[in-house]
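Trainee: Here's my sequence, what's the structure:
(one chain, ligands or ions: 1)
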Amino acid sequence: MAGATAAATLAAHRDWWRESVVYQVYVPSFADADGDGMGDLRGITDRLAHVADLGADAVWLTPFYRSPLADGGYDVADYRQVDPRHGTLDDFRALLARARELGLRTIVDIVPNHCSERHPWFAEALASPPGSAARDRFIFRDGTGPDGAQPPADWQSKFGGPAWTRVPDGQWYMHIFAAEQPDLNWENPEVVAEFEAVLRFWLDLGVDGFRIDVAHGMRKDLVPPLRNTYGGDSASLNSPPSGENHPFWDRDEVHEIYRCWRKITDSYAPPRIMVAEAGVSAARLPLYTRPDELHQAFNFFHLRCPWDAGSFRDVIDSSLAGAAANGALPTWVLSNHDVVRHRTRYAVPEGTSLPGWLLTGGREPAADEDRGRRRARAAALLTLALPGTTYLYQGEELGLPEVADLPEDALRDPMWERTGHTRKGRDGCRVPLPWTRTGSSYGFGPGGSWLPQPEGWGAYSVEAQTGTPGSFLELYRTALTLRRRYLGDETFTWLPSAPGELAFRKAGAGPSGGAAGLECRINLSAEPIPLPEGAELLLSSDDLTSSHTNTRLLPPDTAAWLNTTPHP
Ligand code: BGC
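Mentor: Below you'll find the model as predicted:
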């Protein structure tokens, strides 16, 4: 899209976020302009046309703030500065300007539950005595047991081990994640005020919205004595908390924060948006998107859904109903930087424990690569046909698999150390993108790459797939272009379907204003299924076959889009 037209389109749609495609850039791994092996903002700016050409509406950038990178930047030492390894604030301004020129909106990540142990507040807390104002910005407590040598409660870190670390004067501080990520005390007014100021800082620079990290974790039940209700192991990210009134997950008080934040984002013209990363139950997720709170919440139920027609139908129905309760539309996510890439999830036998499989270097049990490829393509068409916003994770448009055999000494995810080497963690989905068939780090940058890229990575590159019929990239490009035609009145209807098949119709305003209907059919059974006669085939995730009577057949693990626009 040409610059001027793109900018005009950007201004025109206040509610762009209801039905859009947001492309997640994992900053360390997208593109590296300065050759230090670590992705940076200039690299992103240089490569942003790829996201616009794909047909996305917005980019979400994972944290690029000053950070020791103990957890890929989700450990922020300065919320108003860019980490030198990722660039400068001027680089960020240039990125925003380039995004605008390309017609892309920009969403940044905000990490309010915890900061880095290198944040000046934490240094001040460590240098101050128990009970001081500096310690009250965090959650410091005395230990239990005769000499206070036991943690204050049995709360466990998401990355393994206790959620408490002891400091030299004997007190303990709380961290839901790594010890390098102390949790902030959201009952402290200074913390509340600081984040309001941080939001305004980025809004004033011109961002279009925020992704809220761990949106369900900020408020804790700190009434003494702390409750020992947690117990079990919860090292897997994004799993719903076990129940209500949990001491730190999904507490009702967290919503007060969002009501205040919504006033801030609404005070900008046009209003800016917020999306929650909240691993809560389907029943409680809509609470985060009430009209005076956040605009959207990630839908991890879709991501976790087994490959089965009934399960997908249930997830789709409950997601639509949950969002509709707030007059909203759902979001759809298949992958992100915290989970095994979906191409690989669909390739391993159903029921496989992914952490265990990763420990075998992805060898045991054997993955069915072709099945993973087919299902990933079919899932993309299913997902992109649904009403609402799809969040794409960088590299899924290239069909990247998980790199399951990263050498142990290359692993950077804090989960690996914190679990005593029993969980490899999330590095396998974070391997830097291949842009070119060959060359230094396959076009990621002029130097190496912070995680090793596997041999042959260039075969997945943007260069190798551009213009190649049947490639993942061309499938995504075509799907995103077609999708735009069917945005509009947000109507969704289930259609009669064969056992193991899902079929629905989505209506929109159509390219020239008339009614347009997109019918999506996906075959999740083991047998080919006849497609309805007559309808025009717009796109299929793999080739169709035909029966002996010449009926078009939808093979297993395949999806098709049909045009059901009535002829004038
Ligand atoms: C982010 C993770 C991060 C964690 C702690 C998550 O939900 O997506 O990558 O490790 O929050 O900030």
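
Trainee: hey, let's count contacts and neighbours off CA atoms from now on
Mentor: OK.

Trainee: Which of the three states applies to the closest residue to residue 451 other than its chain neighbours?
Mentor: Using CA to CA, 6 or more residues apart in numbering and skipping the chain neighbours, the partner closest in space to residue 451 is residue 431 (5.7 Å). When the structure is reduced to helix, strand and coil (DSSP: H, G, I helix; E, B strand; the rest coil), residue 431 reads as coil.

Trainee: Residue 402 against residue 337, yeah?
Mentor: No: at 10.8 Å, residue 402 and residue 337 do not qualify as touching, with contact defined as CA atoms under 8 Å.

Trainee: Run through the strands of the stretch 101-250 of the chain in chain order.
Mentor: Secondary structure of the stretch 101-250 of the chain (DSSP state E, counting those that start in this stretch): strands at 105-110, 140-141, 164-166, 172-174, 209-212.

Trainee: now the second one, how far from the centre of its chain.
Mentor: Centre-to-centre, strand 140-141 and its host chain are 32 Å apart (CA atoms, centre = their mean, to the nearest Å).

Trainee: What of stretch 335-355?
Mentor: Using CA atoms, centre = their mean, the distance between the centre of stretch 335-355 and that of its chain works out at 15 Å.

Trainee: ok, residue 402 and residue 337, which is more surrounded?
Mentor: Each of residue 402 and residue 337 has its neighbours counted (other CA atoms under 10 Å); residue 402 has more, 22 against 19.

Trainee: which residues does the residue of the chain at minimum distance from the ligand contact?
Mentor: Of the residues in the chain, the one nearest the ligand is residue 74, at a distance of 4.5 Å by CA to the nearest ligand atom. Applying CA atoms under 8 Å, 6 or more residues apart in numbering to residue 74 gives the contacts 63, 67, 111, 115.

Trainee: I'd say residue 149 and residue 165 touch.
Mentor: No: with contact taken as CA under 8 Å, residue 149 and residue 165 are classed as non-touching, separated by 10.6 Å.

Trainee: When these two are compared, which one has more neighbours?
Mentor: residue 165 (20 against 14).

Trainee: Next one, pLDDT for the residue nearest to residue 451 please.
Mentor: At residue 431, the model reports a pLDDT of 98.

Trainee: related to what we said a few turns ago, helix or strand: which one has the residue of the chain closest to the ligand?
Mentor: Under the assignment given by DSSP states H and E, residue 74 is not contained in any helix or strand.

Trainee: From residue 23, how far out is the most centrally placed residue in the chain?
Mentor: In the chain, the residue lying closest to the centroid (CA atoms, centre = their mean) is residue 336, at 4.1 Å. Computed with CA to CA, to the nearest Å, the distance linking residue 336 and residue 23 is 10 Å.

Trainee: Show me the shaky parts of this protein.
Mentor: Using pLDDT under 70 as the threshold, the predicted model of the chain has low-confidence ranges 1-13, 229-244, 488-489, 508-515, 566-568.

Trainee: Those residues of the stretch 101-250 of the chain touching the ligand, which are they?
Mentor: Counting by CA under 6 Å from any ligand atom, the positions of the stretch 101-250 of the chain adjacent to the ligand are 177, 213-214.

Trainee: same question, the chain
Mentor: The chain comes close to the ligand at residues 71, 74, 177, 213-214, 338, as judged by CA under 6 Å from any ligand atom.

Trainee: can you list residues touching both of residue 336 and residue 23?
Mentor: When contacts are counted by CA under 8 Å, 6+ apart, residue 336 and residue 23 are jointly contacted by 392-393.

Trainee: First-to-last residue distance for stretch 142-149?
Mentor: Looking at stretch 142-149, the gap from its leading to its trailing residue is 9 Å under the measure CA to CA.

Trainee: Check stretch 124-134 too.
Mentor: Chord length of stretch 124-134, first to last residue, is 6 Å (CA to CA).

Trainee: Number the residues from 391 up from this point.
Mentor: All right, first residue 391 from here; so that's stretch 514-524.

Trainee: Contacts for it next, please.
Mentor: Applying CA under 8 Å, 6+ apart, the set of residues contacting stretch 514-524 is 511-512, 525, 527-528, 530, 557, 561.

Trainee: For ChimeraX, what selects the buried ones among the residues you listed?
Mentor: Buried residues within the contacts of stretch 514-524, by 16 or more other CA atoms under 10 Å, are selected in ChimeraX with:
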select :511,512,525,527,528,530,561
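
Trainee: ok, the nearest residue to residue 467 once chain neighbours are set aside - contacts?
Mentor: Beyond its immediate neighbours in the sequence, the residue positioned closest to residue 467 (CA to CA, 6+ apart) is residue 509, lying 4.0 Å away. Under the criterion of CA under 8 Å, 6+ apart, the contact partners of residue 509 comprise 466-468.

Trainee: Good, wrapping up.
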